[in-house]
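Chemist: Need the 3D shape of this:
(6 chains)
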Protein chains: 6
Amino acid sequence: MYYHDKRLQYPVTVEKPDPQFARMLQQAIGGVEGEIRVCMQYFFQAWGNRAPTTKYRDMLLHTATEEIGHIEMLATAVALNLDKAPTSLQEEGAADGIVGAVMGGGSAKGAIEGMIHKNLLSAGLAAMPVDSDGVPFNMSHIYASGNVAADMYCNVAAESTGRTLAVRLFNAAHDEGMKKMLHYMIARDTMHQQQWLAVIEELGGHEGNLPIPNSFPQSEEHEKYNYSFFATGVEGSPAPEGRWTSGPSLDGKGVYNVVQNAPMGQEPVLGPARPDSGAQSQQIG
Amino acid sequence: MYYHDKRLQYPVTVEKPDPQFARMLQQAIGGVEGEIRVCMQYFFQAWGNRAPTTKYRDMLLHTATEEIGHIEMLATAVALNLDKAPTSLQEEGAADGIVGAVMGGGSAKGAIEGMIHKNLLSAGLAAMPVDSDGVPFNMSHIYASGNVAADMYCNVAAESTGRTLAVRLFNAAHDEGMKKMLHYMIARDTMHQQQWLAVIEELGGHEGNLPIPNSFPQSEEHEKYNYSFFATGVEGSPAPEGRWTSGPSLDGKGVYNVVQNAPMGQEPVLGPARPDSGAQSQQIG
Amino acid sequence: MYYHDKRLQYPVTVEKPDPQFARMLQQAIGGVEGEIRVCMQYFFQAWGNRAPTTKYRDMLLHTATEEIGHIEMLATAVALNLDKAPTSLQEEGAADGIVGAVMGGGSAKGAIEGMIHKNLLSAGLAAMPVDSDGVPFNMSHIYASGNVAADMYCNVAAESTGRTLAVRLFNAAHDEGMKKMLHYMIARDTMHQQQWLAVIEELGGHEGNLPIPNSFPQSEEHEKYNYSFFATGVEGSPAPEGRWTSGPSLDGKGVYNVVQNAPMGQEPVLGPARPDSGAQSQQIG
Amino acid sequence: MYYHDKRLQYPVTVEKPDPQFARMLQQAIGGVEGEIRVCMQYFFQAWGNRAPTTKYRDMLLHTATEEIGHIEMLATAVALNLDKAPTSLQEEGAADGIVGAVMGGGSAKGAIEGMIHKNLLSAGLAAMPVDSDGVPFNMSHIYASGNVAADMYCNVAAESTGRTLAVRLFNAAHDEGMKKMLHYMIARDTMHQQQWLAVIEELGGHEGNLPIPNSFPQSEEHEKYNYSFFATGVEGSPAPEGRWTSGPSLDGKGVYNVVQNAPMGQEPVLGPARPDSGAQSQQIG
Amino acid sequence: MYYHDKRLQYPVTVEKPDPQFARMLQQAIGGVEGEIRVCMQYFFQAWGNRAPTTKYRDMLLHTATEEIGHIEMLATAVALNLDKAPTSLQEEGAADGIVGAVMGGGSAKGAIEGMIHKNLLSAGLAAMPVDSDGVPFNMSHIYASGNVAADMYCNVAAESTGRTLAVRLFNAAHDEGMKKMLHYMIARDTMHQQQWLAVIEELGGHEGNLPIPNSFPQSEEHEKYNYSFFATGVEGSPAPEGRWTSGPSLDGKGVYNVVQNAPMGQEPVLGPARPDSGAQSQQIG
Amino acid sequence: MYYHDKRLQYPVTVEKPDPQFARMLQQAIGGVEGEIRVCMQYFFQAWGNRAPTTKYRDMLLHTATEEIGHIEMLATAVALNLDKAPTSLQEEGAADGIVGAVMGGGSAKGAIEGMIHKNLLSAGLAAMPVDSDGVPFNMSHIYASGNVAADMYCNVAAESTGRTLAVRLFNAAHDEGMKKMLHYMIARDTMHQQQWLAVIEELGGHEGNLPIPNSFPQSEEHEKYNYSFFATGVEGSPAPEGRWTSGPSLDGKGVYNVVQNAPMGQEPVLGPARPDSGAQSQQIG
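Modeler: Just a heads-up that it's a prediction; the model follows:
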């Protein structure tokens, strides 16, 4: 179960509110690489963790709980950036001085054009669980597979795209307070990338974990093609050589090779449609 | 651009059609860890690849193109498993012998209960781009971040959950033709896990790539907290020790440590609402 | 604006309630080929109709308004079919006699297994705007393009898949009341297919409308490839011959021919990533 | 910011695991009236709260934080109910004794038919943020309007549908542990209904809050029709009388009356389409 | 069943078309607090209404039918506001005089930047069932719970957020015709708030309806915690006092009190994963 | 199975990159009338085709494969148009000369305002499978009904809205390379409209195919109303006359006529709610 402290994990300040930057920050809240995603992903991985030990469940709970605080910081930052956003398309609105100062000379109308409209119309100048184009977050992005190694790679993927996003926000930002908040969040993403990879390492690294799931005996898979790069190019599009085309495989259990792809199966023939299936009579034959 | 051969990449046969297994297979078509996802993910990563070399674009195209053939195999398998599915809830339907044989004695009604209803009602006994509960695939799951290392980890995540799914389907299957098809697809997933990790390796492994993105100078991030595990437990919920709580970090650039989480920020105060913002007058003050 | 009569357009009766058939009917309410779709599609086409005459706007309003009554009939049918659905997984529930009679001897548990669970849990045994697998209708399926000919074909498509669905429901049904309701709705779909095609006919048929939009001069399109079937098969997968491979085109403005597809463009090279774009340094070069 | 205790808020035990009940419980996790919804709704209302006092922000944080623990309890309950779920459609699976005991004599195949397939195929027998038909939760259901009275009614709505759901789950349950967990959650929903209505009361009740938003002067709205029930029935469908058709309005600011609806506007004529708008030439005129 | 009159319920006129305001209006059509939502919500509540009387079904039909006319008015308003929207990014487009007048001196390009692009590209300058950021309406927002009191609060919530939206649109508008249309719609929302609350009142108010559902005996819920505010704050974040922390509860059936939240349950232990579940072998133990 | 050539089907060049046009092009990739849709639609129609001949399966594979190359061209065009897009809201960004040239004097901030933000934040200046407002493509738009005639009309609808979109993009474009690419794609859409209609023709045209499905005997449908236009207007809104109100029907099987709509059914009465259904006690009666 859970507790809260009404203070923020790290200071969030905005000197020059910018509704356009509020829009950008929304990606870190409700984007597929945002904080709701990692928060909920770690929670569901923890809550469904099956293992001889509760160690990984425990660890996941610590970090999932940390992430709630990240959503909170970003939601606060969005609200602060919307503080002086225009609410009207009327000329008077554009001329009220406040907007002019905030917008760098732009008009109220221009400022609204760049906003997620729901931030104003649905939320009254506050954050929402939507991405930077106003698309709501969909929880199908919570990957919790029941396989701890697969989950860890899902987490590395989430924190890699997440830190990439945070860096892009940092590069786009002009407010010192925002840069400071982001330089903190980027650091946390650095650690989280390390953290999930460290679990893989602790569990035996590539050799101890691959292929995932490692509980399925490789003798049951098609052993002729499990370390082959399949080339699908026609003449003029040969396969490039790389670490994955020759030499021992990363898991030490095979040797990479290249196979020119070609059909091993037949043309599939499903036959005529059944009379009661709603097909055209021409299909029924 | 692209070409096709009307034959399948690998044989797909079904001796005992089972609409319930057809439903399961749909997860591998339209599930978030299914083949449409990897196919489209590799294509969009290829088409948007920015780099001094076209090598990774090329390689991605080979594998993306291979994956179209995987969707095709699975769609064929779904159609074949639906071959003798019931189309009626009437008693006569249940008694027609065909269903009885297929269903192992179950009723037509029982068989339909377990089906994705759209497989019958929308598709006329064929595959659809939906998951095993009938939810359509949503292309927000195509991760192509513009960062090659982040993309590779997204791909490892996709192939790890994908092979986990294929193994679960193999374990659930009873038809030899289906097991054979899956033992081939599991082998391909093995290779694809190796392939994407090999790109990371070729690019310098953990040290050459972490933290992702590595183009952002770490001196700009909050260097006090970038290798710290944040413990959020109250008394009685201490942080478990692991590879990620002490010792050198995986990227060789820091030392893991543990920090008990505590607020560094203030209570955020957004102040009263603006008069023109649609708030209650009690909020405006 | 709109009015209602509290009576139904056509009688809806159910003698033997069947929650499994309720599930099937949901496809006709909230499926992509269902009645909410056509109702809203015709309304939005009407409301946005731009033309020298209001004739098509008018006509669309008549049929859109009719369709509200179809949703109403189906929603009523779903509620009636859920009348004796089980609400409990307990053994006593299974033994209460009512369920036994309704379910043809099956258990309450078995009956629930086949239901859209939200019909019970979210709606208290009533219809919902979801499809037969419980997926909510998404209004992106409302096609109203601003081009009247394109819209008419969208409508023909909707009524063709719609009547196909209604026929499948009729084939699956066992209750005489349900068959009667559906035999009425199938008749209406017959007319609606005729109706939208008649608009095309009235506007000049193939020659008067193709290619859509016909307001764009064909001299501006690539006139070498606008009546060519592109064959993409490799050796062994030649293009089948048909009405579309030779002879005059349907619009009378060209001659069909076959072209073996081949790249006319170059390999696209996007070049290195920009330093500020969140890419890996290996991509920046 | 946030903390956790690894123990649950209230005991969660399952004596007789039932994958079918696991499916039902999913509605309380990922359904639109479930716990993710209220948890996130209260958080976003808190984080965006603009008012002269932080009192309501504070209060919302307490309850939002409580709700995380509710999701956790339900996710645990789902996992426990999936403990002995079948993973195979093979006959041997059906005969393994475990399933037979769990399923009350049903077959493994029958048991799987009733399950959310993703609970097995995507999550490895654990909870997911999806509803009882496997549809992922969509964060567009997080209502946080920036108007505190509107928000409170959104919360009452959420807790009313939420407690209705919990009661339905209680009625369907057969396991004593599950009934106990639910009797606790139902009690909490009782309180939360009271809590949000109490805020309305504290802010002045109907008279102090209606119409919402009360910051818009009613003199600006069309005062002829703001307390009128509009009857849209044709002959034979008159409007029923009720508290809302006569007498003083609830807010004490008007008198209810009935108006037979009739068009006050004109037939809208949008005119011909523009030549460059992709319309048919017949629309351009 | 239903009828229409081709005239509008209330006049809709636009003197100065503004594509940016068209975008805003889309929220009132396809937003979660918009008119499609209330229209469909009232219809589904009516069609599924189970009660000893048809009174509430009847009443809901009157208002649902009224709401179709509101969608129609808004769709007309959107089309009229798009009348002179730019269709081209070319310089000539910007200079054509028409746009300049409409846009207040802005460029065509600037005008398009602020538009929902689908209004032009998919609809040919007409309304769509999408919100103000172009996100399609999703019918999961149709709340019809089968519990009349829960439904009424859902309706109050819808009309409260709906009127808040309408007020924000009024505040943003600059065209007199638009302000007039909105001042009418705001009045209707005022009534609809009153209407749904009046149903609650007629049914017995707080005491007669709470807790919802009132058909579940409160003796079955955990009576120790059903009127307790749970405080989840750590030291420094105490619970604020309010109407909900002491005194008699609103339903007159309990006394409010405050409980400091603490775990009553145990740490959940799911145990090792099953060998056939696709887990890592390290999880199987 | 499938092959690729790394060269494009047709040249894609951009002289003056324009991030605003990149946004527009996204509609042709991830819009409901875009290329992912037709590509996947033709594939699923092919893979599920049941007929006495594989001819239509074959033909569909040719065109589906062609369409992959169209997505590729558009994705390349989006990336090229994003080449010089701004990545920063800082003043220095606006002043860097590059943006100024690209934007026609506009500011970096203004340019970003008009962009799909995910093109920058999620994809690093590359294409995504989203529409022109950033909404991800949803695969529920893949219509493959199992009825070949219904499918063909779905395809005509897709290519009609698709060519309408392409024409709108052509009209909006200012770059010669983009116009050239589009003039090629418009030509292909011309052919594809012809192609799907030619299948209908080959199968017997209106008489040979209508009503769809033609395998259902019309004697089973309500023969009194299957060629009747239902008028739903009240006095003042009569039905307009047209090809569909009198004369022989298009399929030669009936005669059009007009019927004034009126209720043939009764007022539906669902009766009181069941005690265990979570209703209010007032509904149970």
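Chemist: could you check the distance from A:E241 over to A:F229?
Modeler: The span separating A:E241 from A:F229 equals 9 Å under the rule C-beta to C-beta, to the nearest Å. Any C-beta I mention is one placed from the backbone N, CA and C, and that applies to glycine too.
Chemist: Between those two, tell me which one has more neighbours.
Modeler: A side-by-side neighbour count of A:E241 and A:F229, using other C-beta atoms under 10 Å in any protein chain shown, places A:F229 first with 25 against 12.
Chemist: Which positions in chain A make contact with chain C?
Modeler: Chain A comes close to chain C at residues A:164-165, A:167-168, A:171, A:234, A:276-278, as judged by C-beta under 8 Å from any C-beta of the partner chain.
Chemist: Considering only the residues you listed, which also neighbour chain B?
Modeler: Restricting the residues of chain A next to chain C to those touching chain B (C-beta under 8 Å from any C-beta) yields A:164, A:167, A:234, A:276-278.
Chemist: Let me see the mean pLDDT of the helix or strand hosting A:K180.
Modeler: Counting by DSSP states H and E, the secondary-structure element that holds A:K180 is helix A:176-202. Mean per-residue pLDDT for helix A:176-202: 98.
Chemist: The helix or strand just after that helix and chain B, any residue contact?
Modeler: Scanning the chain past helix A:176-202 towards its C-terminal end, the next helix or strand to appear is helix A:205-209 (assignment: DSSP H and E). Yes. Where contact is defined by C-beta under 8 Å from any C-beta, part of helix A:205-209 touches chain B, namely A:H206.
Chemist: what element comes up after helix A:205-209 heading to the C-terminus?
Modeler: Downstream of helix A:205-209, the first helix or strand assigned by DSSP H and E is strand A:228-231.
Chemist: partners of that next one in the sheet?
Modeler: In its sheet, strand A:228-231 lies beside strand A:257-260 (parallel), with partners assigned from DSSP bridges.
Chemist: what's the model's confidence in the strand it pairs with, averaged?
Modeler: For strand A:257-260, the mean per-residue pLDDT is 96.
Chemist: so after that strand, what's the next helix or strand?
Modeler: Using DSSP H and E, the helix or strand that directly follows strand A:257-260 along the chain is helix A:281-284.
Chemist: so what secondary structure elements neighbour that next one?
Modeler: Using 3 or more C-beta pairs under 8 Å, 6 or more residues apart in numbering or on different chains; DSSP states H and E, no helix or strand is in contact with helix A:281-284.
Chemist: What number of residues are in the vicinity of A:K180?
Modeler: 16.
Chemist: what sits against it?
Modeler: Counting by C-beta atoms under 8 Å, 6 or more residues apart in numbering or on different chains, A:K180 touches A:11, A:13.
Chemist: Let me see the contact set for A:Y184.
Modeler: Counting by C-beta under 8 Å, 6+ apart, A:Y184 has contacts A:10, B:221-222, B:225.
Chemist: gap between it and A:E235?
Modeler: A:Y184 sits 53 Å away from A:E235 when distances are taken as C-beta to C-beta.
Chemist: Which residue does the stretch 1-150 of chain A have closest to chain B?
Modeler: Using C-beta to the nearest C-beta, the point where the stretch 1-150 of chain A gets nearest to chain B is A:L8, with a distance of 3.1 Å.
Chemist: Now do the same contact list for that residue.
Modeler: By C-beta under 8 Å, 6+ apart, the contact set of A:L8 is A:69, A:72-73, A:76, B:263-268, D:1.
Chemist: Where does pLDDT dip in the stretch 1-150 of chain A?
Modeler: For the stretch 1-150 of chain A, the stretches flagged by pLDDT under 70 are A:91-106.
Chemist: hmm, try it at 80
Modeler: Scanning the stretch 1-150 of chain A for pLDDT under 80 picks out A:90-110.
Chemist: got the residues of it near chain F?
Modeler: Among all residues of the stretch 1-150 of chain A, those adjacent to chain F (criterion: C-beta under 8 Å from any C-beta) are A:18, A:20-21, A:23-24, A:27, A:31-33, A:104, A:106, A:110, A:113-114, A:131-135.
Chemist: cutoff 6 Å now
Modeler: Residues of the stretch 1-150 of chain A that fall close to chain F, judged by C-beta under 6 Å from any C-beta of the partner chain: A:27, A:113-114, A:132-133, A:135.
Chemist: So which bits of the stretch 1-150 of chain A are right by chain B?
Modeler: For the stretch 1-150 of chain A, the residues in contact with chain B (C-beta under 6 Å from any C-beta) are A:5-8, A:10-11, A:32, A:55, A:58-59, A:62, A:65-66, A:76, A:79, A:87, A:124-125, A:140, A:145, A:147, A:150.
Chemist: mind listing what's buried in stretch A:12-23?
Modeler: For stretch A:12-23, the buried set under the neighbour-count rule, 16 or more other C-beta atoms under 10 Å in any protein chain shown, comprises A:12-14, A:16-23.
Chemist: Out of the residues you listed, list just those in helices.
Modeler: Those of the buried residues of stretch A:12-23 mapping onto helices are A:19-23, per DSSP state H.
Chemist: which of those lies closest to chain E?
Modeler: Out of those, the one with the shortest distance to chain E is A:R23. That distance is 10.0 Å, counting by C-beta to the nearest C-beta.
Chemist: residues in contact with the nearest residue to the closest one once chain neighbours are set aside?
Modeler: Once flanking residues are discounted, A:R23 sits nearest to A:I116: 5.1 Å by C-beta to C-beta, 6 or more residues apart in numbering or on different chains. Contacts for A:I116 (C-beta atoms under 6 Å, 6 or more residues apart in numbering or on different chains) come out as A:23, A:134, E:133.
Chemist: what about A:I116, distance to chain C?
Modeler: Applying C-beta to the nearest C-beta, to the nearest Å, one obtains 19 Å for the distance of A:I116 from chain C.
Chemist: Which among the residues of the stretch 1-150 of chain A next to chain B count as buried?
Modeler: Restricting those to buried positions leaves A:5-8, A:10-11, A:32, A:58-59, A:62, A:65-66, A:76, A:79, A:87, A:124-125, A:140, A:145, A:147, A:150, with burial counted as 16+ other C-beta under 10 Å.
Chemist: check contacts around the closest residue to A:K16 other than its chain neighbours.
Modeler: Taking C-beta to C-beta, 6+ apart, and ignoring the residues beside it in sequence, A:K16 has A:D175 as its nearest neighbour in space, at 5.3 Å. Contact analysis of A:D175 by C-beta under 6 Å, 6+ apart lists A:14-16.
Chemist: repeat for A:A158
Modeler: Listed by C-beta under 6 Å, 6+ apart, the contact partners of A:A158 are A:V38.
Chemist: what's the angle from whichever helix or strand it is part of to helix B:176-202?
Modeler: If you go by DSSP H and E, A:A158 is part of helix A:148-172. For helix A:148-172 and helix B:176-202, the angle between their directions (axes from the mean of the first three to the mean of the last three C-alpha atoms, to 10 degrees) works out to 40 degrees.
Chemist: List the buried residues of helix A:148-172.
Modeler: A:148-172.
Chemist: Stretch A:173-181 now?
Modeler: Across stretch A:173-181, burial judged by 16+ other C-beta under 10 Å covers A:173-175, A:177-178, A:180-181.
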